[in-house]
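1. Give me coordinates for this.
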Amino acid sequence: MANTVSAERFRISDDHVRYMALYAALIAADALTEPAMEGERRLVALTQAHGIVMALRGPAQPLGFAEFRELVRGPVAGLLPPGREDGGLGSIFAIDPETGERNVELEALDGEYGAVARLSGEVAYWPWLRDELAENKAYALFMKGENQRAYVRRREFVVRHAAGIQRSMRSMPKEIEDLYVAVPGERRYGRWCFLCPICRWPMRVRPAEGVTAVACDDRGHRERGADYRFVRDDDREGAPELVRIHPPPAVPARSRPLAPVAGDAQIHEAGRTLMVGPECWHSHVVPGVLELALHDELGKRGVSVDLWPRLDSYDLHITVEREGRPKRVWKVDVKDVISVKALIRRLEREGKPGSGLYLVVPDRLESQVKLLERALATMGWQVRAASRLAQEICREQGVSWP
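-> Modelled structure (predicted):
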């Protein structure tokens, strides 16, 4: 009995184990796919990742180094100790099984699963510290002075100007200057960088034999067309010509105002361009694109929409008042995520009651709405896909959508 109690006392939660397995997969995927990584660095990284997985499994469940390398190329759930719930990791690959390339969403997934692990509050673990500090830094700069109008102006600027050439950033509120950095090497091609036409953040550049891939880190933006190629030409002096590799996707009419198809990439000189860091992009810009789209499109139709009320108590306060009808209010939290299961676990861990709040997801996650409704029913959340919410509000306003 004493041994059982002791084992349970020091058992690491499933949330922590999933996060650490994903973190190990991120390290190993870098080592196995990054051509520029030297042999010794590659071995050190793989050994570190293997060590993390071995620590999770314990001496009773050993895993050889060669078997570990094979598992890294399968679903991340394969790195979990036997008997642990996969929590969505069964459908996540650190290395794309078709292309052999590293999954560009690993950092974002690492952040989503890391947020759940932090909320369990059981074991302090250092890898998420940098991301948490960066996210808190952005909030602190937005909040400076605790003035609602200033908060909205700063945060809105970041979302609408995730990157830009320096002269176009002159209207930047001085309080948020520290959020912007130079464009790193993996987002440059020669002297050029390429902004995603949806989030306006520099896309990742992946050179290959003869052809270079340029794509946004966000899956939803790639699915809407922010995925390009160009043929390398060392004699060309100007910027390369990017070609979208897939035809524009078919987007339902009701979704188009909030999720337009990506147009041409914006090409800037990288040395003259500033961008927010990746943590700020993932935490604020990606969900902010949908938040501002709802704000702008509903506003065009005469609906009253306030951004981030009461210093971000939630994302959107939407009001419809029509003569002869009672006033209606929607309090909205937008969640643009990769893993719905990680989102559910995060909301459960936070224990934040959703009574009176609408949880709104992008239309690409509409198939997951029923799952979210079932999982969050006892917490009082109402769940909508973004365009369905817009339809509901416009119907109440007496105007058409789209």
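2. how many neighbours does Ile165 have?
-> Ile165 has 14 neighbours, counted by other C-beta atoms under 10 Å. (Glycine included, C-beta is placed from N, CA and C.)
3. Which residue is the nearest non-sequential neighbour of it?
-> Using C-beta to C-beta, 6 or more residues apart in numbering and skipping residues adjacent in sequence, the residue nearest Ile165 is Arg272, 4.9 Å away.
4. Any figure for the gap between that neighbour and Asp96?
-> 33 Å (C-beta to C-beta, to the nearest Å).
5. And for Arg301?
-> Taking C-beta to C-beta, one finds Arg301 at 41 Å from Asp96.
6. Likewise for Tyr189?
-> 21 Å.
7. out of these two, which sits in the busier spot?
-> Tyr189 (20 against 14).
8. Test my guess that Glu321 contacts Lys327.
-> Yes. If you go by C-beta atoms under 8 Å, Glu321 and Lys327 touch, sitting 4.8 Å apart.
9. The two - which one has more neighbours?
-> The neighbour comparison of Glu321 against Lys327 (other C-beta under 10 Å) goes to Glu321, with 13 against 8.
10. Report the contact partners of the more buried one.
-> Residues near Glu321 by C-beta atoms under 8 Å, 6 or more residues apart in numbering: Ser304, Lys327, Arg328.
11. ok, 6 Å please
-> Lys327 (C-beta atoms under 6 Å, 6 or more residues apart in numbering).
12. Against Trp330, how distant is it?
-> Look at Glu321 and Trp330: by C-beta to C-beta, they are 13 Å apart.
13. Repeat that for Met169.
-> Distance from Met169 to Trp330, by C-beta to C-beta: 33 Å.
14. Comparing those two, which residue is more hemmed in?
-> Neighbour count, other C-beta under 10 Å: between Met169 and Trp330, Trp330 has more, with 23 against 15.
15. Which helix or strand contains the spatially closest residue to that one that is not a sequence neighbour?
-> Beyond its immediate neighbours in the sequence, the residue positioned closest to Trp330 (C-beta to C-beta, 6+ apart) is Ile318, lying 4.2 Å away. In this structure, Ile318 sits in strand 316-320 according to DSSP states H and E.
16. Tell me which other helices or strands that strand touches.
-> In terms of contacts (3 or more C-beta pairs under 6 Å, 6 or more residues apart in numbering; DSSP states H and E), strand 316-320 is packed against strand 304-307, strand 328-334.
17. Contacts for it, please.
-> Ser304, Val305, Asp306, Pro309, Arg328, Val329, Trp330, Val332, Glu396, Gln397.
18. Which stretches in the stretch 51-200 of the chain count as helices?
-> Using DSSP state H, counting those that start in this stretch, the helices of the stretch 51-200 of the chain run over 65-72, 106-120, 129-143, 148-160.
19. can you tell me which of those helices comes nearest to Gly100?
-> With C-beta to C-beta, the closest approach to Gly100 among these belongs to helix 65-72: 11.9 Å.
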